[in-house]
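Participant: Quick one, what's the 3D model for this:
(4 chains)
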Protein chains: 2
Amino acid sequence: MSDIPIDAPELEDTAAERFSQARTAQSLALLEDYTEMIDDLIRELGEARITDIARQMGVTHPTATKAVARLKREGLASARPYRGVFLTEAGIAMAERVRLRHRVVVDLLCAVGVPPEAAEIDAEGIEHHVSDVTLQAFEAWLSQKAG
Amino acid sequence: MSDIPIDAPELEDTAAERFSQARTAQSLALLEDYTEMIDDLIRELGEARITDIARQMGVTHPTATKAVARLKREGLASARPYRGVFLTEAGIAMAERVRLRHRVVVDLLCAVGVPPEAAEIDAEGIEHHVSDVTLQAFEAWLSQKAG
DNA sequence: ACAGAAATGTAGCCGTGTCTACATTGAATG
DNA sequence: CATTCAATGTAGACACGGCTACATTTCTGT
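Facilitator: Numbers count the residues shown, from 1 in each chain, chains lettered A, B, ... in the order given. Next comes the predicted model:
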């Protein structure tokens, strides 16, 4: 069944690869969203409480607790019982990377005529699938358009 | 952010709303990917076999079987045991919508300078979060750029 | 026609992310 | 200081999407 088949075997292989990469990106999305959110809360309020995280993410507090547990497991955050949540160096680095990428994505969407409100909403899902190469292309295009 | 220490209720509410919408979009992504893939296979081979679906998606065959079961549950596909999988009218409509959107996203990425290979990979994840409003903006921008 | 290979089905496990319900702790107020 | 209430922790259920292992059916080649 290898050589006879009707059509383009190599294109099919790359399809599986693309889907696989999309699944990987998706598994990182939750970590990215939470680190950025926690970083935002710390900047604004000085600390990130579970209740605030949950409200901001639109989930219940046990869900936020589980997410923070995963962040700790992955070395992105630290937390002591009944205290706020804080980010490690790795977590802060991720938050900054995510924030930058989010802004670039929103800017690009707006630049091609997407209404700002829709840009914000869609960017929340899109950003997690923007690779470094694509991000650089976005930045280059935006700066060239501005300049 | 604001000078008042705590409340910034409206911004926070919209954040939760954005994340919620991103989660909803993600839950539809699997259905969209499978319907498009099945439609592709039917066009190319005349039918969509579980084995082909699984190989194309980069998953094992029981995973593909489960996905098809969900498609049937959602009224997007029909299948009889040991036979190929077929799409309902709703499934075909979804496949066409997804295919169009995929093309537009890839075209837009390429148009702003993303290398075609990266555009294909990233589009696989991005497309599921492109709303109708954003899609229309993409199309308008592309046609204006071409014309 | 039949035996072996390939495809498909089925069972069951695991990790994730969501929820509800209840227990416990911490903080604020009388 | 005690009481109460908000915040947090914990337990357990569910759906999903991935996997492996094994059973069954269909297809294929001689």
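Participant: Quick one: name the residues of chain A near DNA strand C.
Facilitator: Residues of chain A lying close to DNA strand C by CB under 7 Å from any atom of the strand are A:1, A:27, A:30, A:58, A:59, A:60, A:62, A:63, A:66, A:67, A:70, A:82. Just so you know, the C-beta spots here come from the backbone N, C-alpha and C atoms, and that holds for glycine as well.
Participant: Let's see that with 10 Å instead.
Facilitator: Chain A comes close to DNA strand C at residues A:1-2, A:5, A:26-31, A:33-34, A:54, A:57-67, A:69-71, A:73-74, A:80-83, as judged by CB under 10 Å from any atom of the strand.
Participant: Weed out the non-buried ones from these.
Facilitator: Buried subset of these (neighbour count, 16 or more other CB atoms under 10 Å in any protein chain shown): A:26, A:29-31, A:33-34, A:54, A:57-59, A:64, A:67, A:71.
Participant: Which pair of those spans the longest distance?
Facilitator: Across these, the longest distance by CB to CB is 21.2 Å; it joins A:26 and A:54.
Participant: just to revisit the earlier point, between the buried ones among the residues of chain A next to DNA strand C, which is nearest residue B:107?
Facilitator: residue A:26 (23.3 Å).
Participant: Backbone torsions only: list them for that closest one.
Facilitator: Dihedral angles of residue A:26 (phi, psi; degrees, to the nearest 10) stand at phi -70, psi -30.
Participant: Could you give me the buried positions within the lowest-mean-pLDDT helix or strand in chain A?
Facilitator: Counting by mean pLDDT, DSSP states H and E, chain A has its least confident helix or strand at helix A:9-45, which shows a mean of 91. Neighbour-count burial for helix A:9-45, counted by 16+ other CB under 10 Å, picks out A:12, A:15, A:18-19, A:21-23, A:25-26, A:29-42, A:44.
Participant: where exactly do the helices run in chain A?
Facilitator: A:9-45, A:50-57, A:61-73, A:89-111, A:116-126, A:132-146 (DSSP state H).
Participant: Show me which positions of the shortest one end up buried.
Facilitator: Neighbour-count burial for helix A:50-57 flags A:50, A:52, A:53, A:54, A:55, A:56, A:57 (criterion: 16+ other CB under 10 Å).
Participant: Which residues of chain A lie near DNA strand D?
Facilitator: Within reach of DNA strand D by CB under 10 Å from any atom of the strand, chain A has these residues: A:1, A:4, A:16, A:19-20, A:22-23, A:26-27, A:47-55, A:60-66, A:68-69, A:79-85.
Participant: remind me which residues of chain A are low pLDDT?
Facilitator: Low-confidence segments of chain A, defined by pLDDT under 70: A:1-13.
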